[in-house]
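[1] sequence and computational prediction follow.
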Amino acid sequence: MAETSTLPPAGLFITFEGIDGAGKSTHIAGLAEAFREQGRRVTLTREPGGTPLAEKLRALVLGDAMDPLTESLLVFAARRDHLLSVIEPALARGDVVLCDRFTDATFAYQGGGRGFDLATLSVLERWVQATPAMQAPAIRQPDLTLWFDLPAETAAARLADARAPDRFEAQPVEFFRRVSAGYAARAAAEPQRFARINADQPRERVWQDITHTFVQRGWWLGAPLAPGGSH
Ligand SMILES: Nc1ncnc2c1ncn2[C@@H]1O[C@H](COP(=O)(O)OP(=O)(O)O)[C@@H](O)[C@H]1O
Ligand SMILES: Cc1cn([C@H]2C[C@H](O)[C@@H](COP(=O)(O)OP(=O)(O)O)O2)c(=O)[nH]c1=O
């Protein structure tokens, strides 16, 4: 039987990370469209959120003041619901799951930004990401994480006119420097899972770097889409 795809038959779990204003949202929809054009089923989702319960928890996390442990417990509670109800079933169907943020954001924002204990976050990560689909001690982790990296000042300037800030976006630039350092530490610990995207470039160049990352892994069919489309 002819091989119609170089993509792995099982689902692909791809996450998008970076400080607020890094440009993730700008490219995720275009990537979903590109995978659909390649005949893949795509599940497009986000964290915190992605289920009715997790979206309620998101509204609390983004809107209400709370201590860092409460914040961490809420994002992990939302993640558990999202993993079991949306991500695992989608991966079992063979979907490409594109998820706007995942656990690296917790290490970066609650760990780096808020200064919360990383060992506690690691315990929560093991509890929450041990799903029935995974054989212990393995836990569910993304197959690939695209880390949109750019200076905190540049991201702040991009966001200044773009939208009303939520509880995180209202933080000072020093907070986002710590968040970036949190991402850098996660990327250094798992270099094979992370692809650092230089987000401090024009949109077209960022898109080219994203598609190149997939081509390198053999997860992209045909020529990369021309930049400037709907992404
Ligand atoms: N490469 C880029 N250069 C300049 N501005 C950009 C670039 N990518 C995105 N933007 C703009 O920056 C703002 C934040 O982008 P967005 O995709 O919402 O970031 P994120 O989802 O990472 O918070 C938006 O106004 C967007 O149009
Ligand atoms: C997933 C996650 C997000 N966050 C924060 C990062 C973002 O500031 C915010 C929401 O993320 P995001 O969806 O990127 O915000 P927006 O829709 O405004 O682009 O939640 C955490 O603090 N911890 C987490 O674990």
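    Now that the structure is in, tell me what you want to look at. Ligands and ions are numbered 1, 2, ... in the order given.

[2] which element, helix or strand, includes Trp207?
    Using DSSP states H and E, Trp207 sits within helix 203-217.

[3] tabulate the CA atom coordinates of that helix in CSV.
    The C-alpha coordinates for helix 203-217 follow below in CSV (Å, rounded to 0.1, in the frame of the first residue of the first chain):
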residue,chain,number,x,y,z
ARG,A,203,5.8,37.8,10.7
GLU,A,204,6.9,36.2,7.3
ARG,A,205,10.3,35.3,8.7
VAL,A,206,8.8,33.8,11.9
TRP,A,207,6.3,31.8,9.7
GLN,A,208,9.3,30.5,7.6
ASP,A,209,11.1,29.4,10.8
ILE,A,210,8.0,27.6,12.1
THR,A,211,7.5,25.7,8.8
HIS,A,212,11.2,24.9,8.7
THR,A,213,10.9,23.3,12.1
PHE,A,214,8.2,20.9,10.8
VAL,A,215,10.0,20.2,7.6
GLN,A,216,13.2,19.2,9.6
ARG,A,217,11.2,16.7,11.5
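
[4] helices and strands around it, which ones?
    Counting contacts by 3 or more Cβ pairs under 8 Å, 6 or more residues apart in numbering; DSSP states H and E, helix 203-217 is packed against helix 24-37, strand 144-149, strand 194-198. (Each C-beta comes from the backbone N, C-alpha and C, glycine too.)

[5] tell me the most buried of those?
    Of the helices and strands packed on helix 203-217, the one with the most neighbours on average (mean count of other Cβ atoms under 10 Å) is strand 144-149, at a mean of 22.

[6] burial of Ala22, as a residue count?
    26 (other Cβ atoms under 10 Å).

[7] also Ala10?
    Ala10: 12 neighbours (other Cβ under 10 Å).

[8] what helix or strand does it sit in?
    Counting by DSSP H and E, Ala10 is found in no helix or strand.

[9] make 192 the starting number, not 1.
    Will do, 192 is the new start, and the previous item becomes Ala201.

[10] residues in contact with it?
    282, 285 (Cβ atoms under 8 Å, 6 or more residues apart in numbering).

[11] ok, the helix holding Trp398 near ligand 1 or not?
    Yes - counting by Cβ under 6 Å from any ligand atom, ligand 1 has neighbours in helix 394-408: 394, 397.

[12] from the chain's centre, how far out does that helix sit?
    Relative to its parent chain, helix 394-408 has a centroid offset of 16 Å by Cα atoms, centre = their mean, to the nearest Å.

[13] same question for stretch 245-265.
    18 Å.
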